[in-house]
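Asks: any chance you could fold what I've pasted below:
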Amino acid sequence: MNNFMDTLVWGNTVMELGKVLLLLALSFLVIKIFQLYILSRLRKWSALTTTTWDDFLIKQVSDSAVPILYISAVYVAITSLKLPERVEQIAYIAYLVAFAYFVLRAIGATFRRFVYTFLDTKDNSEAKRKQASGLITIVTTMIWVLGGIFIVDNLGYDATTLITGLGIGGIAIALAAQAILGDLFSYFVIFFDKPFEIGDFVVVDDKNGVIEAIGIKTTRIKTLSGEQLVCSNTDLTNSRLHNFKRMERRRIVFSLGVTYQTTHEQLKAIPGIVRQIIEGQDAIQFDRGHFSSYGDFSLNFEFVYYVLSPDYGVYMDKQQAIYLDIFKAFEERGIEFAYPTQMLFTQSTNAEVTPSKE
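Replies: Numbering: from 1, shown residues only. All right, here's what the predicted structure looks like:
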């Protein structure tokens, strides 16, 4: 029996292999008990709380910490044996890569969760989540790049040389892709300064439409005519942009003209008539109304009111209702609207011919 236990297998006795396998089995058993009892109880407890962060942390423990425990148990068991240096090096690299993978995945998930939790406290959170996708992609990429440098450094390579090379390469790329980097920085300006968001109605130069998507390089606008307008982020941040979604109320100025045959009493009554019509509409605030000028063919009035809604459809409905009521009121009172006309006065004269003398 002793001779069998002392038998060498890959440079290790059967006794040593048995101890390692027993240690590995016990480690797996402890981890499994931790999963079945402790984690399951924590899940039940977190389901009773109002916050969701505890559910997230438990999920990260289950998805990242538990695999790391299994991998660590296997690695400790392997390093307990007498193995060739090449095998030990391969085992170390595999363990380091697996460990870094699960840690970096947990860090990325935590950052994503933090951003989404912050955005959920804001209005229109679903649109803001879409807008933040570019930022999350950039930060996640940076996390994985740093993780790669960490792995290279722990493998014994000079990370300083790698970082220096990346820096020189980064300068070359920056010079070759200035426009792309400009759009990238403009994306950060849009994300943090928020001149517009997804769903806002904007006017840029002679183009207008609703913001449909905000990407790392471009922003997509759904125009009123139906097509998709793609603009670079730099163009938008450098332009004078009108954001009608931020408008709390809409100021309306309109004029109307009546004929010169309108009587003084009718002219005096017009501001009151129109004011009464405007104030009779819901969500409308009357500002002023005056007899403003004498025109070439009309007596002109100017009126100002506010629509207490930024919605363009509401504005058009209210304006139509006001115009129809004005037309009806003027028709009932015999007040005529002016339109371009010319009045020609003619005068006939009798020409007297005096005979000439010779």
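
Asks: so which residues of the protein form helices?
Replies: Along the chain, counting by DSSP state H, helices occupy 2-5, 14-33, 40-47, 53-60, 66-79, 85-120, 125-154, 159-176, 178-193, 233-238, 264-279, 312-333.

Asks: of these, which is nearest residue 244?
Replies: For residue 244, the closest of the helices of the chain is helix 312-333, at 7.7 Å, according to C-beta to C-beta. C-beta coordinates here come from the backbone N, C-alpha and C atoms, glycine included.

Asks: residue ranges with poor pLDDT in the stretch 251-358 of the chain?
Replies: 342-343, 348-358 (pLDDT under 70).

Asks: residue 251 versus the nearest residue to residue 232 once chain neighbours are set aside, what's the distance?
Replies: Nearest non-adjacent residue to residue 232, counting by C-beta to C-beta, 6 or more residues apart in numbering: residue 183, 5.2 Å away. For residue 183, the distance to residue 251 equals 35 Å [C-beta to C-beta, to the nearest Å].

Asks: where do the strands sit along the stretch 201-350 of the chain?
Replies: Here the stretch 201-350 of the chain has its strands, by DSSP state E, counting those that start in this stretch, at 201-204, 207-214, 218-223, 228-232, 241-243, 250-258, 284-294, 299-307.

Asks: want to throw those strands into JSON lines with distance to residue 131?
Replies: JSON lines is the format used below for the strands of the stretch 201-350 of the chain (distance: least, C-beta to C-beta, whole Å):
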{"stretch": "strand 201-204", "distance to residue 131": "14"}
{"stretch": "strand 207-214", "distance to residue 131": "5"}
{"stretch": "strand 218-223", "distance to residue 131": "10"}
{"stretch": "strand 228-232", "distance to residue 131": "15"}
{"stretch": "strand 241-243", "distance to residue 131": "15"}
{"stretch": "strand 250-258", "distance to residue 131": "26"}
{"stretch": "strand 284-294", "distance to residue 131": "34"}
{"stretch": "strand 299-307", "distance to residue 131": "29"}
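
Asks: for those, give me JSON lines that also has distance to residue 270 and mean neighbour count.
Replies: Shown next, in JSON lines, are the strands of the stretch 201-350 of the chain (distance: least, C-beta to C-beta, whole Å; neighbours: other C-beta atoms under 10 Å):
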{"stretch": "strand 201-204", "distance to residue 270": "34", "mean neighbour count": "19"}
{"stretch": "strand 207-214", "distance to residue 270": "35", "mean neighbour count": "18"}
{"stretch": "strand 218-223", "distance to residue 270": "40", "mean neighbour count": "18"}
{"stretch": "strand 228-232", "distance to residue 270": "44", "mean neighbour count": "14"}
{"stretch": "strand 241-243", "distance to residue 270": "33", "mean neighbour count": "15"}
{"stretch": "strand 250-258", "distance to residue 270": "7", "mean neighbour count": "15"}
{"stretch": "strand 284-294", "distance to residue 270": "7", "mean neighbour count": "14"}
{"stretch": "strand 299-307", "distance to residue 270": "6", "mean neighbour count": "19"}
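
Asks: of the helices of the chain, which is nearest residue 296?
Replies: Of these, nearest to residue 296 by C-beta to C-beta is helix 264-279, at 17.3 Å.

Asks: I'd say residue 132 and residue 191 touch.
Replies: Yes. Residue 132 lies in contact with residue 191 (C-beta atoms under 8 Å); the separation is 7.0 Å.

Asks: intersection of neighbour lists for the two?
Replies: Common neighbours of residue 132 and residue 191 are not found (criterion: C-beta atoms under 8 Å, 6 or more residues apart in numbering).

Asks: circling back to that earlier point, out of the helices of the chain, nearest to residue 204?
Replies: Closest approach to residue 204 among the helices of the chain (C-beta to C-beta): helix 233-238, 6.7 Å.

Asks: in stretch 98-116, what's buried?
Replies: Residues of stretch 98-116 classed as buried: 98-109, 113, 115 (neighbour count, 16 or more other C-beta atoms under 10 Å).

Asks: same question, stretch 190-205
Replies: 190, 191, 196, 197, 198, 200, 201, 202, 204.

Asks: in a markdown table, list those along with pLDDT and distance to residue 345.
Replies: Below are the buried residues of stretch 190-205 laid out as a markdown table (pLDDT from 0 to 100; distance: C-beta to C-beta, whole Å):
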| residue | pLDDT | distance to residue 345 |
| --- | --- | --- |
| 190 | 83 | 65 |
| 191 | 80 | 70 |
| 196 | 85 | 59 |
| 197 | 84 | 63 |
| 198 | 85 | 64 |
| 200 | 86 | 58 |
| 201 | 87 | 53 |
| 202 | 88 | 54 |
| 204 | 86 | 53 |
